[in-house]
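Visitor: Below are the sequence and a predicted model for it; my questions follow.
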Amino acid sequence: MLSVAPLSVALVSDAVAQAQQVCAAAAKDTIAIGYDADTMTTAGLVDLLASVSAAHNGALIEHLGIVAHGDAGRLYLGNSEELSLATLPSQATELEQL
């Protein structure tokens, strides 16, 4: 059986200044993907990561970095979706798919 190396993925919100430059500056073994902050949701994040894994023969994602805006204890995935301790219970079903 062919062993598939785990992946390192960086997701970069287009709401971040110079998002394209951030993607280009990622380590050479990191898959850097810019995403649309206007439409990103937790379910969209899970779907995006599943498609990255599928495109690499089902490789597991070992390292995940998200470059986005936020506040103390909050990560703004998109303009209408955040990750925080308060929102995790309602997002658990989607996040468990990771």
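Guide: Thanks, I have it. Fair warning: this is a prediction, and the values are worked out from it, not measured in the lab.

Visitor: In contact with residue 64, which residues are there?
Guide: Residues near residue 64 by C-beta atoms under 8 Å, 6 or more residues apart in numbering: 8, 9, 10, 11, 49. No exception for glycine: its C-beta is placed from N, CA and C like everyone else's.

Visitor: Could I get the pLDDT score of the spatially closest residue to residue 37 that is not a sequence neighbour?
Guide: Excluding the flanking residues, the one nearest residue 37 by C-beta to C-beta, 6 or more residues apart in numbering is residue 15, at 3.9 Å. With respect to pLDDT, residue 15 scores 95.

Visitor: What is the burial count for residue 15?
Guide: Neighbourhood size, residue 15 [other C-beta atoms under 10 Å]: 18.

Visitor: any idea which helix or strand carries it?
Guide: For residue 15, there is no enclosing helix or strand under DSSP states H and E.

Visitor: Isn't it up against residue 67?
Guide: No - contact criterion C-beta atoms under 8 Å: residue 15 and residue 67 do not qualify, at 9.9 Å.

Visitor: On the three-state scheme, the residue nearest the centre of the chain is what?
Guide: Nearest to the geometric centre of the chain sits residue 11, at 4.2 Å (C-alpha atoms, centre = their mean). What DSSP: H, G, I helix; E, B strand; the rest coil gives for residue 11 is strand.

Visitor: how about the nearest residue to it, chain neighbours excluded?
Guide: Leaving aside its chain neighbours, residue 11 sits nearest to residue 66 (5.0 Å; criterion: C-beta to C-beta, 6+ apart).

Visitor: Can you give me every residue that contacts that neighbour?
Guide: By C-beta under 8 Å, 6+ apart, the contact list for residue 66 reads 10, 11, 12, 13, 75, 77.
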